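**Student:** Kindly generate the corresponding structure for this input.
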Amino acid sequence: MDSSRLLMDVAEHVLQVSTAETALTELSRGLMERTGADRAARVQVQPDGRVSWFLNGTSVPAELPSLPPPEELAQHPLHRFHLGPGGGAPALLTEVIRSGFAVPVRTRRIIDQLGLSIHQLSIPVEHPCPETGYQGWVMVGADGLAPDAPLVAREAQGLLCGLDRHIRLLQVLPPGPPTGQMQIRLTPRERAVLLLLATGLTAQGIAVRLTISPRTVHKHQEHLYRRLGAVDRLSAVLRAQETGLLPAPVGTDVDGVLLTRSHTPADDPSVRR
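**Tutor:** Below is the predicted model:
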């Protein structure tokens, strides 16, 4: 069976929840189940070394050891592979090592300190490059991953990218209208589409961003206009801002937000991300 179909039930759960944290938890559980991993980490490494991450799974410590400085993070074989010849393709750490990307002694020590193993599968959700860094999921198995985990990652990567972008949009959105204000009920997916409409994206652009069809986007638009009592994009956005469904103003770069609190390796390492 197409591995992307195996994530469809996970996608249904993710698209029904209204908070980014809950959606991340649902998605990470689904990914662990499909890949045989014990832990799932959503990681963003920015070019300046700032790191944000979300970690879920078994035996996650309450306090994590100090993160390495940027120059040492850059030596991780997966990081070098993705910012080099590997690009955005999913990759197993063990295979990357076999291809010639050695694990520096300090990097291996850091892996041990974090309680991880070398059984790591990286699934980028945006194309990695030196100018933008890395954004993706890293699945970790204490004693290994499922034999078909790389296949699952390759076939489900497109769907995962769309779900991940949806979650990032949820993080930007306000929790909802203030108490006592008229309630307009929108699904989390409709609110994500509304946010992208507010940035000026066309239906085609929204479809590409969320990896859905333009026809689906148009259906969401129709529902949004009807529920907001709007006749066009501008009136829909203004109405949503008036009722607290959208922030005001809406920036044009809503796809690059951090999923969790930004963290520079030199900061206090004891806060669990």
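**Student:** what's the burial count for the closest residue in space to Ala74 that isn't next to it in sequence?
**Tutor:** Using CB to CB, 6 or more residues apart in numbering and skipping residues adjacent in sequence, the residue nearest Ala74 is Arg80, 7.2 Å away. C-beta: built from backbone N, CA, C; applies to glycine. Number of residues near Arg80 (other CB atoms under 10 Å) recorded here: 15.
**Student:** Arg80: what secondary structure?
**Tutor:** helix (DSSP: H, G, I helix; E, B strand; the rest coil).
**Student:** So it is in contact with Glu72, correct?
**Tutor:** No. Between Arg80 and Glu72 there is no contact under CB atoms under 8 Å: 11.9 Å.
**Student:** And Pro177, what's its pLDDT?
**Tutor:** Per-residue confidence (pLDDT) for Pro177: 57.
**Student:** wait, Arg106
**Tutor:** Confidence at Arg106, expressed as pLDDT, is 81.
**Student:** in which helix or strand would I find Ile123?
**Tutor:** strand 120-124 (DSSP states H and E).
**Student:** got any ranges where the stretch 101-250 of the chain has weak pLDDT?
**Tutor:** Residue ranges of the stretch 101-250 of the chain with pLDDT under 70: 176-182, 249-250.
**Student:** mind listing the strands for it?
**Tutor:** When assigned using DSSP state E, counting those that start in this stretch, the strands of the stretch 101-250 of the chain occupy the ranges 120-124, 134-140.
**Student:** circling back: what does the strand holding Ile123 contact?
**Tutor:** Here strand 120-124 makes contact (CB atoms under 8 Å, 6 or more residues apart in numbering) with 35, 37, 78, 82, 88-93, 134-140, 145, 149-150, 153, 157, 160.
**Student:** Would you give the sheet partners of it, along with the direction of each?
**Tutor:** The pairing partners recorded for strand 120-124 under DSSP bridges are strand 91-92 (antiparallel), strand 134-140 (antiparallel).
**Student:** Distance check, the residue most central in space within the chain against Trp137.
**Tutor:** The chain has Asp164 as the residue nearest its centroid, 3.6 Å off, counting by CA atoms, centre = their mean. Per CB to CB, to the nearest Å, Asp164 is found 8 Å from Trp137.
**Student:** try Ala11
**Tutor:** 14 Å.
**Student:** Neighbour count for those two, which is higher?
**Tutor:** A side-by-side neighbour count of Ala11 and Trp137, using other CB under 10 Å, places Trp137 first with 24 against 20.
**Student:** residues contacting that one?
**Tutor:** Ser28, Leu31, Ala40, Ala41, Arg42, Val43, Ser122, Ile123, Val125, Leu160, Asp164.
**Student:** ok, and the closest non-adjacent residue to the second one?
**Tutor:** Spatial nearest neighbour of Leu31, excluding adjacent residues (CB to CB, 6+ apart): Ala40 at 5.2 Å.
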